[in-house]
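*Asks:* quick one: sequence and predicted model below, then my questions.
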Amino acid sequence: MQHPQSFNRSVLAQSYFPELKPMSAWKKLKGWMEDTPRLRPFLQISRRTYTPAEVQLIFSELGEP
């Protein structure tokens, strides 16, 4: 697997849900993350960009988009 890059949360969400508008895609991805114990702490991060290591963990928990 290729090493992930940093992602803005809306861009990451739209990679999972390309048919949705950015805010709707983020809300849906946020719901998935709330249901995944290892990802819940990410929802308390006040920034809007995930580091490559965080993206890797998201991919490992949710699968790649």
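*Replies:* Perfect, I can see it now.

*Asks:* relative to the whole chain's centre, how far out is the longest helix seen in the chain?
*Replies:* Ranked by residue count under DSSP state H, the longest helix found in the chain is helix 22-34. Distance of helix 22-34 from its chain centroid, counting by C-alpha atoms, centre = their mean, to the nearest Å, is 8 Å.

*Asks:* how about the helices in this protein?
*Replies:* 9-16, 22-34, 52-62.

*Asks:* counting contacts, what elements does the last one pack onto?
*Replies:* If contacts are counted by 3 or more C-beta pairs under 8 Å, 6 or more residues apart in numbering; DSSP states H and E, helix 52-62 sits against helix 9-16, helix 22-34. For every residue, glycine as well, the C-beta is placed using N, CA and C.

*Asks:* contacts only, for the residue nearest to Trp26 when sequence neighbours are not counted.
*Replies:* Spatial nearest neighbour of Trp26, excluding adjacent residues (C-beta to C-beta, 6 or more residues apart in numbering): Ala13 at 4.3 Å. By C-beta atoms under 8 Å, 6 or more residues apart in numbering, the contact set of Ala13 is Leu20, Pro22, Ala25, Trp26, Lys28, Leu29, Lys30.
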